[in-house]
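>>> give me a 3D structure for the following:
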Amino acid sequence: MQYKTKQGVQSENKALEIRSLSLDYIMPDQSIHAVVDLNLVARTGKITAIVGESGSGKSTVALAVMGIQDKNAVISNGEIYLAGTDILSMPKKGLRSYVSNHASIIFQDPIDSLNPLLTVGEQLVEAILIHEKTTKKQAFTIALNQLLAVSLPQPEELMKKYPFMLSGGMCQRVMIAIASVFRPALLIADEPTTALDVTVQAQILHQLDSMRKRKGTAILLITHDLGVVAEIADDVCVMKDGYIVESGTIDDIFSNPQHTYTRQLLAAAL
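Prediction:
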């Protein structure tokens, strides 16, 4: 089957391009317009932040890109080009495989995102064996190096531990290690630092920044925290009530905001 592709997406350094996306939640008595005519680009090796209050539609966009939106979510219009292919033109069977080979996502609560019944090592090795043609022994060595790459000490001991034995910050770094195993074109980080203290938050942001620099990954950062955006983002999309009301470079948004809502967010963050 032929899937809809956009010529030149990768050559233009666009790991993700969303065009005119509209998504509704169908409720028994009404339809909620969660995303309306949204346009967005996440560039290779750059961090693009979607910022806005809770309920603005940020996480809905992330889930749509990953193809894991709720059952009552209906995409009424738009295109989502991931690594050059419109995933909305793909059947569900092909969609899951394609997305898993080109994108990863890390969520707000990393402990719940990891399998509580498997050790850190088992989960890392499993991810490596899925995406790499290698032996289990070689996968174990790769897993150790992945943990070292995200600045986790004593990786041999860490591999033997279960998620509940680790702090939230350590679990989040494990998630980053797993997500970066196969060099995804796109990493979505959905509120990755919300539950962490300031010191650990800075460590996680450093790891995300390091990943995009080392591997050229495009990172789509979902957050309500303008402090986080100022620290790490290259480009910013401000979202309100399902709409992107303003977008631009970090300098554009922070130095010369055009929309009233953007100015309100900046004022509240000061």
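>>> okay, CA-based contacts and neighbour counts for the rest of this
Noted.
>>> which other helices and strands contact the lowest-mean-pLDDT helix or strand in the chain?
The weakest-scoring helix or strand in the chain, judged by mean pLDDT, DSSP states H and E, is helix 110-113 (a mean of 81). Counting contacts by 3 or more C-alpha pairs under 8 Å, 6 or more residues apart in numbering; DSSP states H and E, helix 110-113 packs against helix 168-179.
>>> how about residues contacting the least confident helix or strand of the chain?
For helix 110-113, the external contacting residues (C-alpha atoms under 8 Å, 6 or more residues apart in numbering) are 106, 107, 163, 164, 168, 171, 172, 175.
>>> check contacts around residue 232.
Taking C-alpha under 8 Å, 6+ apart as the test, what residue 232 contacts is 47, 205, 209.
>>> swap that for residue 196, sorry
Contacts of residue 196 by C-alpha under 8 Å, 6+ apart are 168, 169.
>>> can you pull the pLDDT of it?
With respect to pLDDT, residue 196 has a value of 82.
>>> can you pull the phi/psi pair for it?
With angles defined as degrees, to the nearest 10, residue 196 sits at phi -110, psi 150.
>>> can you check residue 85 too?
The phi/psi pair for residue 85 (degrees, to the nearest 10) reads phi -120, psi 140.
>>> for the nearest residue to residue 73 once chain neighbours are set aside, which three-state class applies?
Leaving out its chain neighbours, the residue that sits closest to residue 73 by C-alpha to C-alpha, 6 or more residues apart in numbering is residue 25, at 4.5 Å. Under DSSP: H, G, I helix; E, B strand; the rest coil, residue 25 falls in the strand class.
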